[in-house]
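In: Okay, predicted coordinates and the sequence, questions at the end:
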Protein chains: 2
Amino acid sequence: MTASAARADSRPTPRKRAGNGAAPRDVADDVGLDALAGHAGYAVRRFQIWIFQDFIKTLGEVDIRPTQYSVLTVIGANPGLSQMAVAKRLGIERARLVHLLDSLEQRRFVKRIKSKEDRRSHALHLTAQGETALAKFKRLAAEHERHVEVKIGRENRAHLLRILAGFT
Amino acid sequence: MTASAARADSRPTPRKRAGNGAAPRDVADDVGLDALAGHAGYAVRRFQIWIFQDFIKTLGEVDIRPTQYSVLTVIGANPGLSQMAVAKRLGIERARLVHLLDSLEQRRFVKRIKSKEDRRSHALHLTAQGETALAKFKRLAAEHERHVEVKIGRENRAHLLRILAGFT
DNA sequence: GGCAATTGTTGTCGTCAACAACAATCTTTC
DNA sequence: GAAAGATTGTTGTTGACGACAACAATTGCC
C-alpha cells in the first residue's frame, strides 16, 4: 500500500520542491518512480515480499511458513514420495529439505518411513494429525489467497496465475 | 524450463503408473501439479527465482546483483538522496543498505557526502565512474528484460508489469 | 565382484530480512 | 534555551534460505 499510496499522492500538495533546484531532497518519500519501472524483476520481487508477508501473517496462528506449507501439500497429494522427489518437485535442495522435515516430523505432521524397495530412501507420509492440520492450513491459505485478490484484483490474479503457470 | 518441460510431457508416455495402485511412486519426476497450482505465492516465488538467476547471470560479467542495481538506479535518478530515503524507496532496511553502500563505495561507483543541512545524514551521489558503469548495467539489464520476454511472452510481460505496477 | 551413481545427512559459506542497541544529531516542548 | 523525544547511520545478532562439498549406506551397471 505504500507504493500505491505514494503513487496516488505524488501530486496532491505542491510540496516544497518548487525552489530547490539542485539542492538535495529533504523529505524522502516523494522520490519518484525513476527508472525502476519497466523492470519485471523488481516488481516481482516487491510483490513476492508482500505476498509472503501476508502468507506468514495469515498462517501465523498455526506457525507455518510458505516452504513448510508447500512441503506438506506435496506430501499430502503424493504420499510415499522420497525426499529426493519432493526436493526436486519443489526446487529446493535435499540438504535443505532435511531440516524442514526434521521440524515437521518433530511437530508430528510427517513420518519418515524406511522404504523396502530402496533402503537408502524414506517414504514420506502425513500423520493423521498432519492430515487434519493440513486441512486447516489450506483453509487459511485460501484466506490468504483472497487477500491477494483484494490487493491486485480478482481477474488480475487469475491472469497472473495463467502467465506464470509454467513455473508451478 | 524444468517446470514447463515437466508440464509439457506429463502425458507423453503412458508410464508405469498404470498398475501401481497405492504403491509408492518410484520414478520421482511425474509427481503431478497437486494442489500447489492456484497458489499465487508459489508461482511468484518460482518465477522470482528464475528471473533473479537470469539477472545475475546476465549481469555476471560486471558482477552486479539485483539489489545493487536497484540502489545504483535510484541514486542515479535522484542524486543527493539520504540513505534513509533510498532504503525507504527500495523497501530495504537501512542496516542492510549500509553494507551495500560500503561495497559500492569501495568499487568507486558511489560517494557518501556529509550533508550540511542535516549532519546526521549522507547525501548519496554516483561518481563519474559510477555513471558510465550504470549506463552499461542498464544495457545489460535491458538484455535480461528481453530474456523475460522470451520466457513468458512479450505481452504477458507487459501485462504482468501493469498488474504489479502498484508495487514498484 | 567391482565401480559409478543415488539417497539422506552433516557442515560450511554467503545472501537477505528482521531486530535491537548505540552515538551523534535534529526537533519538539516546556 | 535546556530537557525529552525522534531520526540517521552504524554495528551486531538471529533465522530462513540457496549453493556446495563431503560422507556413509545402498543400489545399479558392467
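Out: Great, that's in hand. Residues are numbered from 1 along each chain as shown, chains lettered A, B, ... in the order given.

In: What are the contacting residues of stretch A:122-135?
Out: A:62, A:72-73, A:75-76, A:79-83, A:86, A:101, A:104, A:108-115, B:24 (CB atoms under 8 Å, 6 or more residues apart in numbering or on different chains). From N, CA and C alone the C-beta is placed, and that goes for glycine too.

In: Among the residues you listed, name the buried ones.
Out: Neighbour-count burial (16 or more other CB atoms under 10 Å in any protein chain shown) is assigned, among the contacts of stretch A:122-135, to A:72-73, A:75-76, A:79-83, A:86, A:101, A:104, A:109-112, A:115, B:24.

In: Keeping just the C-alphas, turn stretch A:126-136 into CSV.
Out: The C-alpha coordinates for stretch A:126-136 follow below in CSV (Å, rounded to 0.1, in the frame of the first residue of the first chain):
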residue,chain,number,x,y,z
LEU,A,126,1.4,-37.3,6.6
THR,A,127,0.4,-38.5,10.1
ALA,A,128,-3.3,-38.4,10.9
GLN,A,129,-2.6,-35.3,12.9
GLY,A,130,-0.8,-33.9,9.8
GLU,A,131,-3.8,-34.5,7.6
THR,A,132,-6.2,-32.6,9.8
ALA,A,133,-3.6,-29.9,10.3
LEU,A,134,-3.1,-29.5,6.6
ALA,A,135,-6.8,-29.2,6.1
LYS,A,136,-6.7,-26.2,8.4
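
In: For chain A, just list every one of the helices.
Out: A:2-8, A:40-58, A:66-77, A:83-90, A:94-106, A:128-152, A:154-163 (DSSP state H).

In: In the last one, which residues are buried?
Out: When you say that, I think you mean helix A:154-163. Within helix A:154-163, judged by 16+ other CB under 10 Å, the buried ones are A:156-157, A:159-161, A:163.

In: closest to residue B:67 among these?
Out: Proximity of the buried residues of helix A:154-163 to residue B:67 (CB to CB) peaks at residue A:160, which lies at 23.4 Å.

In: I figured the closest one hits residue B:163, correct?
Out: Yes. With contact defined as CB atoms under 8 Å, residue A:160 and residue B:163 form a contacting pair (5.8 Å).

In: On the strand side of things, show who residue A:124 bridges to.
Out: residue A:81, residue A:112 (DSSP bridges).

In: Show the pLDDT at it.
Out: For residue A:124, the model assigns a pLDDT of 97.

In: In chain A, where is pLDDT below threshold?
Out: A:1-34 (pLDDT under 70).

In: cutoff 90 now
Out: A:1-38, A:117, A:166-168 (pLDDT under 90).

In: check contacts around residue A:49.
Out: Per CB under 8 Å, 6+ apart, neighbours of residue A:49: residue B:91.

In: List the buried residues of stretch A:60-76.
Out: A:64, A:66-76.

In: and chain A, which residues reach DNA strand D?
Out: Residues of chain A found near DNA strand D (CB under 7 Å from any atom of the strand) are A:28, A:65-68, A:91-93, A:95-96, A:100, A:118-120.
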